[in-house]
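> what's the 3D shape of this:
(4 chains)
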4 protein chains.
Amino acid sequence: MPDRTAPLRVAVAGASGYAGGEVLRLLLGHPEYRAGRLEIGALTAGSNAGTALGMLQPHLLPLADRILAPTTAADLAGHDVVFLGLPHGQSAALATELPDSTVIIDCGADFRLTDPAAWDRYYGGPHAGSWPYGLPELPGARELLRGATRIAVPGCYPTVASLALAPAVAAGIVDPDVNIVAVTGTSGAGRKLDVGLLGSEVMGSARAYGIAGAHRHTPEIAQNLTAAAGNPVRVSFTPVLAPMPRGILATCTAPVRVDAAQARAVYEKAYADEPFVHLLPEGVLPQTGAVLGANTVTLQVTVDPDAGRLVVIGAVDNLTKGTAGAAVQSMNLALGLDETAGLPTVGVAP
Amino acid sequence: MPDRTAPLRVAVAGASGYAGGEVLRLLLGHPEYRAGRLEIGALTAGSNAGTALGMLQPHLLPLADRILAPTTAADLAGHDVVFLGLPHGQSAALATELPDSTVIIDCGADFRLTDPAAWDRYYGGPHAGSWPYGLPELPGARELLRGATRIAVPGCYPTVASLALAPAVAAGIVDPDVNIVAVTGTSGAGRKLDVGLLGSEVMGSARAYGIAGAHRHTPEIAQNLTAAAGNPVRVSFTPVLAPMPRGILATCTAPVRVDAAQARAVYEKAYADEPFVHLLPEGVLPQTGAVLGANTVTLQVTVDPDAGRLVVIGAVDNLTKGTAGAAVQSMNLALGLDETAGLPTVGVAP
Amino acid sequence: MPDRTAPLRVAVAGASGYAGGEVLRLLLGHPEYRAGRLEIGALTAGSNAGTALGMLQPHLLPLADRILAPTTAADLAGHDVVFLGLPHGQSAALATELPDSTVIIDCGADFRLTDPAAWDRYYGGPHAGSWPYGLPELPGARELLRGATRIAVPGCYPTVASLALAPAVAAGIVDPDVNIVAVTGTSGAGRKLDVGLLGSEVMGSARAYGIAGAHRHTPEIAQNLTAAAGNPVRVSFTPVLAPMPRGILATCTAPVRVDAAQARAVYEKAYADEPFVHLLPEGVLPQTGAVLGANTVTLQVTVDPDAGRLVVIGAVDNLTKGTAGAAVQSMNLALGLDETAGLPTVGVAP
Amino acid sequence: MPDRTAPLRVAVAGASGYAGGEVLRLLLGHPEYRAGRLEIGALTAGSNAGTALGMLQPHLLPLADRILAPTTAADLAGHDVVFLGLPHGQSAALATELPDSTVIIDCGADFRLTDPAAWDRYYGGPHAGSWPYGLPELPGARELLRGATRIAVPGCYPTVASLALAPAVAAGIVDPDVNIVAVTGTSGAGRKLDVGLLGSEVMGSARAYGIAGAHRHTPEIAQNLTAAAGNPVRVSFTPVLAPMPRGILATCTAPVRVDAAQARAVYEKAYADEPFVHLLPEGVLPQTGAVLGANTVTLQVTVDPDAGRLVVIGAVDNLTKGTAGAAVQSMNLALGLDETAGLPTVGVAP
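Predicted coordinates:
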């Protein structure tokens, strides 16, 4: 853990992307930053290096004049915390060049999967290994994050899907055979130049992609649920792109062995003490607009007796709790700060 | 069937709603209308009676000066075809007051369900009975529509869900236990004054509703799939509201007994001769924007071997093929016209 | 000014509306609230009284269990600060029933206009008078707000239009004949059940309304600019509804007497010390998405030499700086707190 | 004019872009195509050559299997009509390689401007000259289009701005000093890979661009209005990007010399016989959603007596009447077909 007599120095690699931008938005509102005990140091980028941040992230007005440095170990050296918002496959090499004592929080996928075969199948190339997983609400996860210096932030879909289903599989109230269809906003794809992500193409239209297990988040969801269940969980996962910038609304079902009240009791218990996971009152359904910009996951759970299935609906902001919020929450745990510091629980609505 | 020496007289009840408006849009482009062989007669409404159509349906410029009549049997009398776009429960009484020879095409739910118990559970009140079902692409349906004088237009979700799954359950390649999550645009809810449907509430947000079998389209889907399978099919159905005016993107899965190629062959055969159902090339995924305003359903089918599930994705415009297009297609069949007359197959995109 | 040894008690009337909801969002993040020195007291509503706030404002999770009281003077009594987010015409009567020492901050229009004739023409009925105007960035406004106990929060359009044009008319660099076309998100219309505000109607469509001087914000803009200029300013104002929940993008032009550099210098000077008004670097244009949820106004100013016009573009979040942010900013000034306390300057983007 | 004993052969260069796609959508619904008297021949593209059209224009199902050819004169040879939907600057060279008898309809800017100096200032490079201008509703324009073999399709903004203001400047009821602020959907920018056009960036946000006369459509608007007025008209033009795929809503004002009734009379007379330009009833305002996919321009005209300005609001679909609809309308005139053939007048709404 860094020496707290001097202000913490925090760097963000990939500051021109959506994940990096959201980390910075949260840091600018963090109480340690406001109190002068946390400084925002190097901001780096790939092809955008040399540009003022204000040209790329016009909402980050207090940092508008900052010039982006290239993403190199030299530029990231000398910081207590380094957030990485890089394309998959770039974090591993960079991490080895930074001191062990630096808290590295990787918003990419490099260190999420524990199974090298799963990595090879979905990402290809050598497996970099796995780091403590930045989803403290999963069983056993929080302890590994306290004081950690290497943290893998979960994918956005796995965040909500895992929180929506882990209590059920852990309690054994469903068969280990789950079905997840998750509607996402476009920012989940990153700030990527792709015809299919142009406003003209996405507005007024919905489409599935990466179906039938092809999406890279599938093994991550399976890994989390298998760990929670203690035995293999089969996952059918379909992501659907919807015309909104942010948010994931996940519909999760599985063959169920209990009634609605029993299922609800399992979830009430699982999340009773969690500050960021809210089981909504009976009959109230999650909506992504209500968690916009917040580190909150809202859930509803019930049982469809005719279909014989548990139905869990979950909403999350893919960029906040789904990425950058989890990153800052993990930083807080790593540094021994209040876990909730700097993390909004109130969405921006309507 | 009406005497074809005089022009057909067509009335639309509920002309100020979205279903009625879409019927009129299609009729204005229908070749019989353009050739002067089909006249648009009475246009009726409930609380909007007395208003010029142009104030309520500004896109229907050629009919802008038409004054809406009240929805009464007297106003609808003297027409060869009457389209009903009314709130559920109003069609039955009106239908009994019109001659048996009038072709009545009901866009509402009153005559869709064959099981009085299902009607009572989902809609309440006495069951009005069932009419030939206006989804000609289902096995056996087309024959019943030729020359019919009473037609029940399917619900929008059942249209795409049934077409997406009927071939599989009919061929016995899946277990009779299906999972459907369908993302819809807001027009599916009708032109209803509801805070939850305000633009401020729906834009930038997704939410599920009517979960766990509560949505009224659930028994209709089950009815269609059970008929196709020849034995009971369990249906888990979750509708999700997304920020777009039109379109349904349905993700349909079920435990599968064949591989992807075998599944595809079943769908190729089922829809080889259908003008409005398109199985897309392998790897190409449906998107609702591509069928906007068209009477087209696009499908993709594959198998997720890890999850052991068939995955079918379907896209439809809920107001066109999902409602008014099916109504006009049914009219064509009822009157012995070319089934495809007046029905766009090309969407308005982007 | 209230006794500061006890926590401040703050009430919000109209807590189920968009203005009230945004006031509450900001209060929940206010440092005085976080420090326990500001309490959120009565939350009242009209027809929604008796309902839990969580059913109406699902993003305000920390207040989800609060039951809305009716909007009566009795329910609002005993508070140090009362925010009013009520339909026009209701504030005046209520205000007379509350003590003079209560800081009343009215988000409605009742006390904005100084000219009874303008009030009568645009709102009708008796003129309630005028209160100090909660736009501290206008010349002379800030002083009147310090210690005030009655404050009229500006309309959303007048906020951005006045800030965009006041420096120019005050400096005499334009003719007193301005043209404003402002694109707005739908929340500016409030949470009103109106067919024209349904998601199905607004998405994918833009429309003007209240054209040719009919909009009620027209006299308010003219009042502000006339005051800044010291002589009458003619205003042509056209509001345009665009498919987005929040945000106003105002295009303001006027016949100009200086060049771009001189115009820019006027604005640089006018806003050099303002924390919430940002003149963007040359060539960078405001966008509403960059100020979403922030109390920030971004401006760009230049001259079109061919047209001979000053062109000022301004962006604001109509609910934050355009309403509730201005209300909290005014509260801060009234109570002698840091003017910027609790007011985000960083937008939620993308 | 081509020999009409054989079917017309029509080619589309730039078939993978938005303009080209919309031309094809309209041609597929054109009565000449349906009657077998018009064939869709070569479809060409730049970097997309070699790809099946269905991968790029999924809404054009009947042409899904067509393989895009490269855009060369050889590929475009042997057609009676060639539509060009190319980046600016490419049409001129191509046109010289095609026979004089080929009807070339250029959706790009190359031949719109008559003034070489204006071309040089806004586009740079040598001026290719000017062709008959495909906006038949402008005074004198229709006659030049009948039988023409070279046609320049207007820009989308100039279409609506010119139709909105030409009657007023021609009649001399306004000063020749007009102000235009036009809100546009994103497809106006083309299918261009640009971060600022990503769905994540445009949804929920409005922004101006090309302000203060910088937009290339400014001289085209001035050219049209100057021609209509018979003397120079000054134009202040500001385009604003709004979160919708299609549509332009233009707010046009100018100092006025008559009252509202007189102004209205001018417009009624100007457009009395035009099939595609609709002056809406008094008090009814244009909305882009009502003309989606239609070749219709809707206008409202009034006078703001306080501001002393004419106010004209116009709505158009930038891809239909704003581009491809005008192109097909021009083709109809060039070939001596019914001018309105194949051009929808009814929008797709909601």
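
> okay, CA-based contacts and neighbour counts for the rest of this
OK.

> Please, where are all the helices along the stretch 201-350 of chain A?
A:218-229, A:260-271, A:325-335 (DSSP state H, counting those that start in this stretch).

> looking at the ones you listed, which is buried most?
helix A:325-335 (a mean of 26; mean count of other CA atoms under 10 Å in any protein chain shown).

> tell me the average confidence for the top helix by length along chain A?
With DSSP state H setting the assignment, residue counts place helix A:156-171 as the longest helix in chain A. The average pLDDT within helix A:156-171 is 98.

> Going by contacts, tell me the helices and strands next to it.
If contacts are counted by 3 or more CA pairs under 8 Å, 6 or more residues apart in numbering or on different chains; DSSP states H and E, helix A:156-171 sits against helix A:218-229, strand A:248-255, helix A:260-271, strand A:309-316.

> Residue A:105 versus the residue in the stretch 201-350 of chain A that chain D sits nearest to, what's the distance?
Distances between the stretch 201-350 of chain A and chain D by CA to the nearest CA are smallest at residue A:245, namely 4.6 Å. Note on residue A:245: its distance to residue A:105, by CA to CA, to the nearest Å, is 24 Å.

> And residue A:160, by the same measure?
19 Å.

> swap in residue A:128?
For residue A:128 relative to residue A:105 (CA to CA), the value is 15 Å.

> picking that back up, need the helices and strands packed on helix A:156-171 in a markdown table with distance to residue B:183 and mean pLDDT, can you?
Formatted as a markdown table, these follow (distance: least, CA to CA, whole Å; pLDDT from 0 to 100):
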| stretch | distance to residue B:183 | mean pLDDT |
| --- | --- | --- |
| helix A:218-229 | 21 | 98 |
| strand A:248-255 | 10 | 98 |
| helix A:260-271 | 24 | 98 |
| strand A:309-316 | 14 | 98 |
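
> and residue A:333, which of those is closest to it?
Taking CA to CA, helix A:260-271 is the member of the helices and strands packed on helix A:156-171 nearest to residue A:333, at 18.2 Å.

> and the closest one with chain B, contact?
No: using CA under 8 Å from any CA of the partner chain, helix A:260-271 never reaches chain B; the gap is at least 10.3 Å.

> Whether that helix contacts chain C - can you check?
No: residues of helix A:260-271 contacting chain C under CA under 8 Å from any CA: none, with a closest distance of 15.1 Å.

> Which positions in the stretch 51-200 of chain A make contact with chain D?
A:185-187, A:191-195, A:197-200.

> Narrow those residues to just the buried residues.
A:185-187, A:191-193, A:195, A:197-200 (16 or more other CA atoms under 10 Å in any protein chain shown).

> Just the ones of those residues in helices?
Filtering those for helices - DSSP H - leaves A:199-200.

> how close does residue A:289 sit to residue B:8?
48 Å.

> So which of those two has more stuff around it?
Remark: of residue A:289 and residue B:8, residue A:289 carries more neighbours, 30 against 21, as counted by other CA atoms under 10 Å in any protein chain shown.

> pLDDT score for the more buried one?
98.

> residues in contact with the closest residue to it other than its chain neighbours?
Spatial nearest neighbour of residue A:289, chain neighbours left out: residue B:205 (4.3 Å); criterion: CA to CA, 6 or more residues apart in numbering or on different chains. Neighbour list for residue B:205: A:244, A:247, A:287-290, B:242-243 [criterion: CA atoms under 8 Å, 6 or more residues apart in numbering or on different chains].

> now residue A:271
A:277-279.

> Those into TSV, with extra columns for distance to chain B, pLDDT and neighbour count?
Shown next, in TSV, are those (distance: CA to the nearest CA, whole Å; pLDDT from 0 to 100; neighbours: other CA atoms under 10 Å in any protein chain shown):
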residue	distance to chain B	pLDDT	neighbour count
A:277	17	98	24
A:278	16	98	21
A:279	15	98	23
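
> Format these as JSON lines; extra columns: distance to chain D.
JSON lines is the format used below for the contacts of residue A:271 (distance: CA to the nearest CA, whole Å):
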{"residue": "A:277", "distance to chain D": "26"}
{"residue": "A:278", "distance to chain D": "26"}
{"residue": "A:279", "distance to chain D": "28"}
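
> ok, the nearest residue to residue A:320 once chain neighbours are set aside - how many residues close by?
Leaving out its chain neighbours, the residue that sits closest to residue A:320 by CA to CA, 6+ apart is residue A:295, at 5.4 Å. Other residues lying near residue A:295 total 29 when counted by other CA under 10 Å.

> Can you verify my assumption that residue A:295 contacts residue A:317?
Yes: using CA atoms under 8 Å, residue A:295 is in contact with residue A:317, at 7.3 Å.

> which non-adjacent residue is nearest residue A:79?
Residue A:79 sits nearest to residue A:9 (CA to CA, 6+ apart), 4.8 Å away.

> Next up, the contacts around that neighbour.
Per CA under 8 Å, 6+ apart, neighbours of residue A:9: A:38-41, A:78-81.

> Apart from its neighbours in sequence, what residue is nearest residue A:92?
Closest residue in space to residue A:92, ignoring its immediate chain neighbours: residue A:128 at 6.2 Å, by CA to CA, 6+ apart.

> so residue A:120 is in which element?
Assigned by DSSP states H and E, residue A:120 belongs to helix A:116-122.

> In terms of secondary structure, what does that helix contact?
So helix A:116-122, by 3+ CA pairs under 8 Å, 6+ apart, packs with no helix or strand.

> If you count neighbours, what's buried in it?
Judged by neighbour count using 16+ other CA under 10 Å, the buried positions of helix A:116-122 are A:116, A:118-119, A:122.

> could I get these as JSON lines with pLDDT?
Formatted as JSON lines, these follow (pLDDT from 0 to 100):
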{"residue": "A:116", "pLDDT": "95"}
{"residue": "A:118", "pLDDT": "95"}
{"residue": "A:119", "pLDDT": "95"}
{"residue": "A:122", "pLDDT": "96"}
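
> Which of those residues sits closest to residue C:306?
residue A:122 (57.4 Å).

> Surely the closest one touches residue A:216?
Yes: at 5.7 Å, residue A:122 counts as touching residue A:216 under the criterion of CA under 8 Å.

> which residues are common contacts for these two?
Common contacts of residue A:122 and residue A:216 (CA under 8 Å, 6+ apart): none found.

> same for chain C: which of the buried ones among the residues of the stretch 51-200 of chain A next to chain D are within range?
Contacts with chain C are made by residue A:187 out of these, judged by CA under 8 Å from any CA.

> Quickly name whichever of the buried ones among the residues of the stretch 51-200 of chain A next to chain D is closest to residue C:24.
Using CA to CA, those come closest to residue C:24 at residue A:185, 26.3 Å.

> For chain C, see how far away the closest one is.
10 Å (CA to the nearest CA, to the nearest Å).

> How about the secondary structure of the nearest residue to residue A:87 once chain neighbours are set aside?
Once flanking residues are discounted, residue A:87 sits nearest to residue A:108: 6.7 Å by CA to CA, 6+ apart. Recorded secondary structure, residue A:108: coil (DSSP: H, G, I helix; E, B strand; the rest coil).

> For residue A:108, give me its contacts.
Neighbouring residues of residue A:108 by CA under 8 Å, 6+ apart: A:84-88, A:91, A:152-153, A:155.

> same deal with residue A:107?
So residue A:107 contacts A:19, A:83-86, A:152-155, A:323-324, A:327 (CA under 8 Å, 6+ apart).
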